[in-house]
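J.: sequence below, structure please.
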Amino acid sequence: MSDPTPLLPPSVIELLDVALVGELTVVDEAGLPITYPLIPLSDGNVIYLTSSVLFSRKLRHIKANPKVCLSLTDPVAVPVEPFHRATIQGDARVVEEDVHEGWERLLPMWRAKEPVIDFFLKKRFGIPLFFERSVIEITPHRVLWWEDGRASEPARVYELTGVS
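T.: Here you go, the predicted structure:
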């Protein structure tokens, strides 16, 4: 995956590690934001999401405009106490050279977060197109952080260095 030295602040990595759903916002061809719920995975430097090729609209949007953000705002989908919010802005790229098995490199992170994935993998033959997946890799550039989830307060902003 990426460099072992984490670029993201530790508090954001902790939030990503427990987040069952994040809100990926992309820009469509009309210049309007569209948000999709996805399972965020991270190694501390890059955020990884997967998308079934059945749901490829978001992939087309990313290819046309790689500027995206991933928000962690739902206390049910991000089960931490105390609750915190974060929005991560960055550039995304779609990796789809091998939609059959390329995404499987993320399985250890996915399995650690959501062990039920093994149940679905056993049924892979029954829902084959669901397991034809592209990987979305987000290189973060800026993080907005709301301590204790208080969006009424200004966010703490982290400008990430070492971003290429």
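
J.: quick one: the helices in this structure?
T.: Residue ranges of the helices in the chain, as given by DSSP state H, are 10-18, 57-64, 107-113, 117-122.

J.: and these: which comes nearest Ser42?
T.: helix 10-18 (4.3 Å; C-beta to C-beta). (C-beta placed from N, C-alpha, C; glycine too.)

J.: so what touches the closest one?
T.: 6, 8, 22, 40-42, 44, 47, 72, 78-80, 84, 86, 88, 113, 143, 145, 158 (C-beta atoms under 8 Å, 6 or more residues apart in numbering).

J.: hmm, 6 Å instead?
T.: Taking contacts as C-beta atoms under 6 Å, 6 or more residues apart in numbering, the residues outside helix 10-18 that touch it are Pro40, Ser42, Gly44, Leu72, Pro79, Val80, His84, Ala86, Val143.

J.: how many neighbours does the fifth one have?
T.: The number of residues packed around Pro79, counting by other C-beta atoms under 10 Å, is 11.

J.: quick one: residues contacting it.
T.: Val18.

J.: helix or strand with the lowest mean pLDDT in this protein?
T.: Ranking every helix and strand in the chain by mean pLDDT, DSSP states H and E puts helix 117-122 at the bottom, with a mean of 64.

J.: if you average pLDDT over each of the helices of the chain, which comes out lowest?
T.: Mean pLDDT values for these show the minimum at helix 117-122, a mean of 64.
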